[in-house]
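Undergrad: Could you work out the structure for the sequence below:
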Amino acid sequence: MAGMDARGGIGACGGRIVAGSRLGHHTLESMITLKNLTVSYRQHPALHHVSGTFAEGSLTAVMGPNGAGKSTLLKSIVGSIPKTTGSLKVSTPTERVAYLPQLAEIDRSFPINVRDCVMLGFWSVAGAARRVTSTMLGAIEAALNTVGLEGFEARPVGTLSSGQLQRVMFARLLVQDAELILLDEPFNAVDSRTTQALLPLVSRWHKEQRTVIAVIHDDVQVREFFPQTLLLAREVIAWGPTADVLQEEYLSRARFMAEAWDEDAHACHATSAELQAAAA
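TA: I've put the predicted structure just below:
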């Protein structure tokens with residue numbers, strides 16, 4: 001895997017240039033390609049000049065301090081947050097992308113039961129007016145069994161615990177059958193039993209050659225289940241094999257950069273070439 005040569009330039013905006021993902025000596029097809037991606041909120045930078053690739057079939061944890069741009073990256077990939085500069089290319093159609101937001105962003109007051117919530121995973125196939133088939137119902141039952149919620153079909157989602165709701169959301173992902181799966185803090189605010197039940201599903205998706213990107217805070221989980229890691233601090237600190245990325249050198253740098261953030265700074269619009277030139 002290339003990409004652990006972290007000697008790229010650090011310029012006025014602190015941009016570190018790290019090579020994209022490679023496995024062995026064979027370049028894999030790219031599911032997502034980022035080139036100098038910069039995203040700003042109200043002229044304040046959330047992501048700085050992020051460049052690299054997520055290979056098809058890869059399993060990557062996204063780590064970093066609070067405010068590092070981890071959620072922003074996922075939302076940029078699904079198109080819910082526009083980029084400021086740079087480019088972002090996803091090589092699979094939108095209907096083949098699944099996105100699981102943080103639990104805090106899910107409206108639990110919406111009057112829907114568990115079966116219908118999981119049914120939303122078939123939206124790209126069934127739409128609003130198409131008939132629900134026995135095959136779909138069978139898939140929903142199987143998905144709920146897989147996440148340990150057999151018999152919960154008629155339960156309103158508003159009555160579920162956080163762990164149960166997250167199991168429902170994973171069941172929806174199962175029936176969605178996406179090529180690209182984006183998970184934003186999927187194991188935060190859920191019990192350890194739920195986490196241990198759902199983590200193997202992430203490994204299963206990886207074995208099925210789906211591309212999975214997950215924002216994760218627990219470095220033990222990352223080391224055990226995620227072969228690749230992207231460490232962000234609004235810019236790329238390191239990106240590559242997890243054992244190489246989760247070294248104290250890079251973790252300390254991410255913490256240092258988080259402490260140095262100036263929320264009143266203007267958005268940085270320099271290119272990666274300009275960053276390298278500034279550091280020369």
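
Undergrad: Tell me what Asp184 is bridged to.
TA: Asp184 forms beta bridges with Val215, as assigned by DSSP bridges.

Undergrad: show me what contacts it?
TA: Asp184 is in contact with 70-71, 74, 99-102, 214-215, counting by C-beta atoms under 8 Å, 6 or more residues apart in numbering. Just so you know, the C-beta spots here come from the backbone N, C-alpha and C atoms, and that holds for glycine as well.

Undergrad: and Arg42, how many neighbours does it have?
TA: Arg42 is flanked by 5 other residues according to other C-beta atoms under 10 Å.

Undergrad: go on, Arg155?
TA: Arg155: 16 surrounding residues under other C-beta under 10 Å.

Undergrad: Please indicate which of the contacts of Asp184 are buried?
TA: 70-71, 74, 99-101, 214-215 (16 or more other C-beta atoms under 10 Å).

Undergrad: Include distance to Glu29, secondary structure and pLDDT when you put the contacts of Asp184 into TSV, please.
TA: Putting these into TSV (distance: C-beta to C-beta, whole Å; DSSP: H, G, I helix; E, B strand; the rest coil; pLDDT from 0 to 100) gives the following:
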residue	distance to Glu29	secondary structure	pLDDT
Lys70	24	helix	97
Ser71	26	helix	96
Leu74	21	helix	98
Tyr99	21	strand	97
Leu100	24	strand	97
Pro101	27	coil	95
Gln102	30	coil	95
Ala214	21	strand	98
Val215	24	strand	98
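
Undergrad: Specify which member of the residues you listed is nearest to Tyr250.
TA: Each of the contacts of Asp184 was checked against Tyr250 using C-beta to C-beta; the closest is Lys70, at 15.1 Å.

Undergrad: Go ahead and list the helix or strand containing the spatially closest residue to Ser91 that is not a sequence neighbour.
TA: Using C-beta to C-beta, 6 or more residues apart in numbering and skipping residues adjacent in sequence, the residue nearest Ser91 is Met31, 5.6 Å away. Per DSSP states H and E, Met31 falls inside strand 30-41.

Undergrad: Adjacent strands (with direction) for that strand?
TA: Strand 30-41 sits in its sheet next to strand 44-55 (antiparallel), strand 85-90 (antiparallel), going by DSSP bridges.

Undergrad: now for these, which one comes closest to Glu249?
TA: Nearest to Glu249, of all those, is strand 44-55, at 18.9 Å by C-beta to C-beta.
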